[in-house]
Each structure stands twice: as structure tokens, then as C-alpha cells.
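>>> Just the structure for this:
(chains A and B, ligands or ions: 2)
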Amino acid sequence: MDEGPGGLRGSPPGPFPVRIAAHEEGDRVAELELRGITKRFPGVLANDQIDISVAKGEIHALMGENGAGKSTLMSILYGLYQPDAGEIWLRGERRRFSSPIEAIDAGLGMVFQAFKLFPSLTVAENVIYREEVTRRGLLDHREANRRVTEIADRYGLAVDPTARVERVPVGVLQRVEILKALYRDAQVLILDEPTAVLTPQEAERLFTILRALADDGRTIIFITHKLKEVMAISDRVTILRDGRAVASLTTRETTAAEITRHMTGRDVELRAWPVTRPAGAPVLTCEGLSATGDDGRVVLDSVDLTVRAGEIVGIAGVAGNGQTELAEVIAGLRTAAGGVVTIAGTEVSRAGVAARRKAGLAYIPEDRHGVGTAPTADATDNLSLGHHRSGPLVRRGVLQRGQMVERARELIARFQIKIAGPGTMVGTLSGGNLQKIVVAREMAYHAPLLIAEQPTRGVDIGAIEFVHQQIAQYRDGGGAVLLISAELSEILNLAQRILVMFEGRVVAELDAATATESELGLFMAGGGTGISAVTTVDGTESEHAR
Amino acid sequence: MFSVELLDSALFASVFRALIPILLAAIGGLICERAGVFNIGLEGLMLSGAFAAVAGSYFSGSAYAGVLSGVVAGVAVSSVLAYGAVTRKGDPIVLAVALNLFAVGITAFLLVAVWDVRGVFQDPRIVGLKTMPIPALSQLPWLGSVLFNLTLVGYVALLVVPVVQLVLFRTAVGLRLRGVGERPLAASSLGVQPGRYQYGAILASGALCGLAGAQLSLGNVVQFAENMTSGRGWIAVVAVMLARAHPVGVLGAALLFGFAEAIGFRLQGNGLPSQLTDAAPYVVTLVALVVARRQFARASTSVAT
Ligand SMILES: Nc1ncnc2c1ncn2[C@@H]1O[C@H](COP(=O)(O)OP(=O)(O)OP(=O)(O)O)[C@@H](O)[C@H]1O
Ligand SMILES: [Mg+2]
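Ligands and ions are numbered 1, 2, ... in the order given. Here you go, the predicted model:
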């Protein structure tokens, strides 16, 4: 049912007169209003006449497919980009932000998708940077720590102000970013896909914090691809599609299905992809695989696993329990301390990455910016990587540019990647589209083994469905898949067997047909026998504390 | 001339003579490193300073005027590097290599142009830096006569270490500078302009290298010789890497190189061929570099995105 932009009429209360249920105080000016924001990049109209109005104390979700223009809109609001047309109104006053500093001074705070922190500085130093607390010309560390702790305590942002940022887990990094904004007294807080890198437990904590902030009269705008989150925490939701705001809805009065329709123009229901044929011979076997982390800690402790042809094995676990290291060791990016890895019959325990790829490995890494793509190279080059050793792309040692472009075009079309053209630098792509570049390239190897690490992180719901379908097809074609994901529903929908990792070990193996999320949650917390759900949360807490 | 004993105060005196120029230049390099600029132009900056110091002293008849012109020359030459690397966004390595070559050429050229001298320029009109013994302290046995009997530049060099340590780690400016060096984008997202701090750091290294050059040509000796820095600026670069840009560590590294140079000198006095002994500091450098590389590889950690 395609409602198009006219869908506004069909949906209960229109976006404009700002009457917000949760914080209604009669008619008054909106805390923030964007009017007719338009932004054009070479080849793309990223924002097209966008109007959004947000009331004080409101939690406003921003949704839309990959490349719909969400990040661009927020960057304009924050002074990073200048709009080609349109106005920003803050508390009834028209504002122009020519740099983020002006936005910060006006009471805006932004938590980016990629954190902007200084790794070697402490949490407190990161927070006070450029707004330092000094006494007689010297930094007053004690006072800084006190102020940071005070703000953190007020909103339940547990952090150790003296910890070095390079040593704290990703969930804490995000709290540091929020603290930075609050320390500068941000009244409007913008978060771009804040939960993409969080575990479900961490996301839960974040929502408690956001609620506390909203109750304190601060206004929150957050971007997400997860409908569950929008339904759970937002007061209102605006949906962007192809650069236009196609609907602004009051969350209580809408449904996930309606939001999905506004986003994609169709109904999308993520479903399971059951197997049609029994699994074949083992493609990947790991025996007694061990490894140490960057800091010398044991991160993999004699892991045994087998993935067969035509089978998807899911790895579940709270982030930081060895899943990433497992993928790296199998892919050859991290040296194993011990153990045997066999890919499609070839023993590759000591082999380099190229040899493993040759033996039959494709790998979608977790880090799409640093490992998965070369951001300053164009889509053609990125999609040809690894395909450049043989076959049609190279003839007598010379790359065939024409063939490469042809191939890139085909993959861009097949994976519906939103990009101006094959010659566009991939660094400018939206997060989800960059992810699609990696998925497209790795799928195109047709290797016997695929390691998929967070394959749908930051990807919109329509594209998730597409990637799931691709992975399922790959399996049905006889491929072996090791799926590592923080989304339990993704694992339950796709995998046949599920291994749970805890502190570097495989602590449980479950049949996906009978396993439940709560059962998995128990094992992930290191429990497994009659431990209540409360302990699950506590178990994760001790994880944070480390 | 030298006693047979290896460790005596005469040796320490030559250790300090060797150490002070390296230390000053290395602190300059450290400040740049902290601001995210890998400055390998220390050698050229020091050489320019050494030449300008001799010229200043010769024409004014004052050693301090000489030191001042050394500093001015260091700042002037470094401003070219700053403009190229920060304003024009050039590669600081390429620019600094050019700067080093330029410094060798221009000083040799000016030597001929001004005084019609090739090689070494010595003249009674060049006033050298006098050592300034601190009463009582310099009478202390052993190190006292060395540590408290330095030139003004020498004292400055030793003071610069704690001062830079304090500024870097205890002041707002230092915090911002370190942030700029580590994540320029994060710094600019908070309104700190990385370019300004990098300019400041490069100019500061110019001033410190100017001082180092002045100590070399007016303190250690009273003359200018073509390419008289002979690799000390490069050794300073290594000292920064070895110390991982910590001021106290840089002092330690400079001490190490000072010792290497002094011991080499001493062994030469004891009859070893000078070709061998002259190599001592460079051998130490080479060993240090191999060690430093590994530490550097490990130091590059990043924050998850
Ligand atoms: N700096 C830029 N230069 C050129 N094109 C850009 C630039 N930034 C964004 N775009 C393009 O503008 C469009 C909107 O991108 P944007 O990042 O706002 O999408 P998004 O809604 O945040 O998507 P995602 O959910 O994938 O993060 C995309 O087509 C993207 O390729
Ligand atoms: Mg985005």
C-alpha cells in the first residue's frame, strides 16, 4: 500500500500544530523547528523541503531507509553542513549555525555514529575539553572529576571519570559522549543510531537515561532503524523517505507496521528462513582454537566448532566475549595462540589471509569503515577488491577497468545501493549503504564459507530483509555460514544451530528451532541453570565494570 | 688531557655538552609530535640557528644577541614549515626534508658570501657563551661542577623539561594540544582549531632548535662549520620516538646519546681509531630505533566507532 507523501493526511494528527501528549502545556512555541530544509550533494538530493517540529521534553525518533537523509539533516541542524534552503528555529528564534560551536553554544549536543573522543585522555578530560576547569592556571582534575560525576549521577550515567577512554567498553564511550553534551548544558540532544553498537542490555540502560533527560525537560532526537526502540521510547516519530519527511506521527497512535509502510512503501515482516535440505560435509572446522587479546588477556579459550555446507551457525554472546576475535582468527587477521582451522578441507591454521581466501573464505567484518572498505576509493574499486587476482577483472596482469565498472554497476543494482554512480567515493555513503557495499562484495565471491559479522548493523528494515534473504539463498546453494550477531532475533531467524560464547568459551549449543531469546540471554550472561532474569542484567553489569 | 679513568667529572662535562643541543631540539620535536606533526626538520632548524647565532654574535659583539638571532632564525625557518604543512596542508615529511637540505646549502653559501670562508669559520670577533657557575652549588663534588656550571642556554634546556611537562599535562593549553595531536577532528568538533596549535608547536620547535644551534656554535665551540650539526637533529628525532614524546623520557634519551658521544670521544683519546668512535652515537641511535619502532607499533590504539 503505497501512500507516498500524501500519507500524511491518512495518519492521525498531522505533523505540525505541536501538541504533545506527554508534556502538554497548552499551545506554545516548539523547542525546535526545521522548516523547508533542503540539501543537495553532487548527484543526490539528500534533504528535500523537510519540516520537523519538536516540543520541549519530547523524545523524537527519526526513521527512514539507508540514504534517506537522516544523518545529513542532523548535520545541518548541528552546523556541520549549511542547508541550500530552509530555516532552523530554536525556541521561537531563527538561528543559523555556521559551525558546531555555534550550535553547542545555542544548547545543542550531538552524539555521532562514530564517536569523537580522545583515546589517551581520561573520561573527565574528554568531557571538559575546551571548557576546562582550572585553578591558578593549572587544570583542576579533582574539580573536573567531581563535576563529571555529579552530572553522571544525576542521570544514571555510570562512568569512572579517571578511566582512560581507550580502555572503556563501547557502551561507556557513548555515555561519555552524552556527558560531553550535558556538561555543555545541551537542551537538545541529538543521537545518530545510538543503539547500533550497543548490546540489548546497554541499549536498555541508554533508554532509561534518555527518559531521565526528557523528564528533566531536555529534548531528544534520535535516529534508529529499530522499530522496537521507536515504539518503546519515543513520543513522536518522523519518517524520511528519499530526502522528504513523509510522515510525523504520535507513537502511541501508530503501529510498527504503519511506520514500516511509510518508510518502504510496503509491508516488511522479518521472518525465519528455514532450511529445505539437510546440511552436508563440514566446510569450516576449528579445534581447540585459542587466542590472546591486544592486552594479553585470553580472549579465546579452546573453541571447537564445525560449520557444514548448507548450514548457518549463529554465534550469540554479549559483545566482548570473544566473538570478534573468533572471526579475526578464522579470517587470519589475528594470530591464534593454538588450535587448528580447516577451511574446505585445507588446513590454514598458520596461513595468511590470502591463502585462507583462496581456500574458500568470504568475510563480512564488523568494522565496515576500517576493515571492510577503503573509504577514499570509489565503489568500483571497493567492489572489485579480492576479485582482482584472476578472472574477468584482470587480463595479462592488467586490471580491466571496463569490466570492473560493469560489475560494480551490476552489484549496485542488485543490492539497491544508494550511490550516485560506480565512480563515487564510498566514504560519502550513508552508513547502511556502506554496509551493503561490503555485503555485496563478499557475497559475490561465491566462496564455500562466509563469516558474517553483524551483517545488518545500521541497515534499514527493508535491507535487513534483503540481506537475510541473500544469506539464506547462499546457504541453500550449499554455502556454509558462520553468523555472528548482536541481534538475537537475527540469529534465531537465520541459524540452524546456535553457539553461545561467554568469556572466550563456547558455553552452550542450542537448536535454533527450539531456542528462545530468554534462554539465550541466560547463557550469554554466563548462567544457564535456574538463574533469574535479574541476574542476566547483573551479569552484564559486571561486564561493564571491567 | 684526559685521565685514563672513564667516569669522572670531565666525562660528565662532555656528556652535558653533547646533551644540551639534542635535548633542546628533542623537546621541540616532542611538542610537534604531541600536536600531531612529525617534525623531522629539527636538523635543519638547528643548523640555521647555529649559523645565525655566530653571525649575530660576530656583528653585535654580544653572545646573547647571537643567541637571540639563532632563535629568530629558527622561528623564521620553521614558519615556512608551518605554513607549508598546516596552511597549505603539505606533507610535513617532504617539507622537512627539503628544509634540511636547504639549511645545509644556504648556510654554506652565506659562509662564502659573507665571510668568504669555506668549511670552518673562526674569528676572534665571535663572542662565545660563557659558563655561569652557580656559587656554592658548583663547588659540590663530582656532578656539581658540571650541572651548576652551564651556559645560560644550558640552564634553559634543563628548565624546559619540567616546564613542558607541566604545560602539557597540567594546563588547558596542554590538554588541547594533546587532543589536537591525537584526534584533530574530535578537537575541531569542540571548537578547538587544530591548525593553530600545530602552528604554535612548529614555531616553538623552531625557537628551541635555534637555541640548540646557538649552544652548539657559541657554547660547545666558538665557530661555525659547514653542516656542524652532523646528525644531532636526527638523533633528537629518535629521542622523541624512543621517549614516546614524554619530556622526562626525552631527557633520559638525550642523556643516553650524550653518553654515547662523550664515551666515543673518550675512547678516541685512549687511542681507538676515530672512525670507529665517531660512530658511537649513531650505533646507539640505530639500536634505539629498532627498539622504538616496536613500541610505536603498539602505541597506535584506536577508539571503536
Ligand atoms: N558529504 C557527502 N557528499 C556526497 N554525498 C553525500 C554526503 N553525505 C551524504 N551524502 C549522500 O546523501 C544521501 C543521504 O545520506 P545520509 O547519510 O543522510 O543518509 P542516512 O539517512 O543517515 O542513512 P543511513 O541510515 O544509512 O545512515 C546519501 O545518498 C548519501 O550518499
Ligand atoms: Mg546515517
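
>>> pLDDT value on B:Phe121, please?
Here the pLDDT value assigned to B:Phe121 is 97.

>>> Retrieve the pLDDT associated with B:Ser217.
97.

>>> and it, how many neighbours?
32 (other C-beta atoms under 10 Å in any protein chain shown). For glycine as for every other residue, the C-beta is placed from the backbone atoms N, C-alpha and C.

>>> tell me how far the one helix or strand A:Asp153 maps to is from the chain's mean position?
Taking DSSP states H and E as the definition, A:Asp153 sits inside helix A:141-155. Centroid separation for helix A:141-155 versus its chain: 29 Å, with C-alpha atoms, centre = their mean, to the nearest Å.

>>> Low-confidence regions, the stretch 201-305 of chain B specifically.
Along the stretch 201-305 of chain B, the parts satisfying pLDDT under 70 run over B:292-305.

>>> Can you show me the strands along it?
B:224-225 (DSSP state E, counting those that start in this stretch).

>>> Check the stretch 1-150 of chain A too.
Here the stretch 1-150 of chain A has its strands, by DSSP E, counting those that start in this stretch, at A:32-41, A:44-54, A:59-64, A:85-90, A:93-95, A:108-111, A:134-135, A:138-139.

>>> Chain B: which of those is closest?
Nearest of the strands of the stretch 1-150 of chain A to chain B, taken as C-beta to the nearest C-beta: strand A:138-139 at 4.7 Å.

>>> quick one: is that closest one near chain B?
Yes: Strand A:138-139 is in contact with chain B by C-beta under 8 Å from any C-beta of the partner chain, via A:138-139.

>>> which other helices and strands contact the helix holding A:Asp153?
Helices and strands touching helix A:141-155, by 3 or more C-beta pairs under 8 Å, 6 or more residues apart in numbering or on different chains; DSSP states H and E, are helix A:123-128, helix A:170-183, helix A:200-215.

>>> Spell out which parts of the stretch 301-450 of chain A neighbour chain B.
Contact residues (C-beta under 8 Å from any C-beta) of the stretch 301-450 of chain A with chain B: A:367, A:369-370.

>>> Is the residue nearest to B:Phe51 when sequence neighbours are not counted in a helix, a strand, or coil?
Among residues not flanking B:Phe51 along the chain, B:Thr107 sits closest, at 4.2 Å (C-beta to C-beta, 6 or more residues apart in numbering or on different chains). Per DSSP: H, G, I helix; E, B strand; the rest coil, the local secondary structure of B:Thr107 is helix.

>>> Help me confirm that B:Thr107 comes into contact with B:Leu45.
No: with contact taken as C-beta atoms under 8 Å, B:Thr107 and B:Leu45 are classed as non-touching, separated by 11.7 Å.

>>> quick one: which of those two has more around it?
Using other C-beta under 10 Å as the criterion, B:Thr107 and B:Leu45 rank with B:Leu45 on top: 36 against 25.

>>> How confident was the prediction at the more buried one?
pLDDT for B:Leu45: 98.

>>> wait, it sits on B:Ala76?
No: contact criterion C-beta under 8 Å: B:Leu45 and B:Ala76 do not qualify, at 9.8 Å.

>>> intersection of neighbour lists for these two?
Shared contacts of B:Leu45 and B:Ala76 (C-beta atoms under 8 Å, 6 or more residues apart in numbering or on different chains): B:Gly206.

>>> related to what we said a few turns ago, quick one, which of the strands of the stretch 1-150 of chain A gets closest to A:Thr516.
strand A:59-64 (27.8 Å; C-beta to C-beta).

>>> What is the closest one packed up against?
strand A:44-54, helix A:70-77, helix A:200-215, strand A:219-223, helix A:227-233, strand A:236-241, helix A:256-264.

>>> buried stuff in it?
Using 16 or more other C-beta atoms under 10 Å in any protein chain shown as the test for burial, strand A:59-64 gives A:59-64.

>>> about what we covered before: of the residues of the stretch 301-450 of chain A next to chain B, select the buried ones using a ChimeraX command.
Filtering these down to the buried ones (16+ other C-beta under 10 Å) takes a single ChimeraX command:
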select /A:367
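
>>> for the residues of the stretch 301-450 of chain A next to chain B, which one is nearest chain B?
A:His369 (6.2 Å).

>>> Can you verify that closest one is assigned to a helix?
Yes: assessed by three-state DSSP, A:His369 belongs to a helix.

>>> Tell me the pLDDT of it.
Residue-level pLDDT assigned to A:His369 equals 82.

>>> ok, the residues of the stretch 301-450 of chain A next to chain B vs ligand 2, which is closest?
A:His369 (12.6 Å; C-beta to the ion).

>>> hang on, isn't the closest one packed against A:Thr376?
No: with contact defined as C-beta under 8 Å, A:His369 does not reach A:Thr376; the gap is 11.3 Å.

>>> follow-up on the earlier one: is it possible to get CSV of the buried residues of strand A:59-64 that adds pLDDT and distance to ligand 1?
Listed next are these as CSV, based on pLDDT from 0 to 100; distance: C-beta to the nearest ligand atom, whole Å:
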residue, pLDDT, distance to ligand 1
A:Ile59, 97, 19
A:His60, 98, 15
A:Ala61, 97, 13
A:Leu62, 97, 8
A:Met63, 96, 9
A:Gly64, 94, 5
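
>>> need those in TSV with distance to A:Glu143, can you?
Below are these laid out as TSV (distance: C-beta to C-beta, whole Å):
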residue	distance to A:Glu143
A:Ile59	32
A:His60	35
A:Ala61	37
A:Leu62	37
A:Met63	41
A:Gly64	43
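
>>> and the two most separated of these?
A:Ile59 and A:Gly64 (17.1 Å).

>>> Pop out the phi and psi values for the closest residue to ligand 1 within the stretch 101-250 of chain B.
Nearest residue of the stretch 101-250 of chain B to ligand 1, counting by C-beta to the nearest ligand atom: B:Leu185, 14.1 Å away. Main-chain dihedrals, B:Leu185, degrees, to the nearest 10: phi -70, psi -40.

>>> State the number of residues packed around it.
The number of residues packed near B:Leu185 is 10, by other C-beta under 10 Å.

>>> ok and the residue in the stretch 1-150 of chain B nearest ligand 1?
Nearest to ligand 1 in the stretch 1-150 of chain B, going by C-beta to the nearest ligand atom, is B:Lys89, at a distance of 18.7 Å.

>>> pLDDT at that residue, what is it?
The score at B:Lys89 is 94. That number is its pLDDT.
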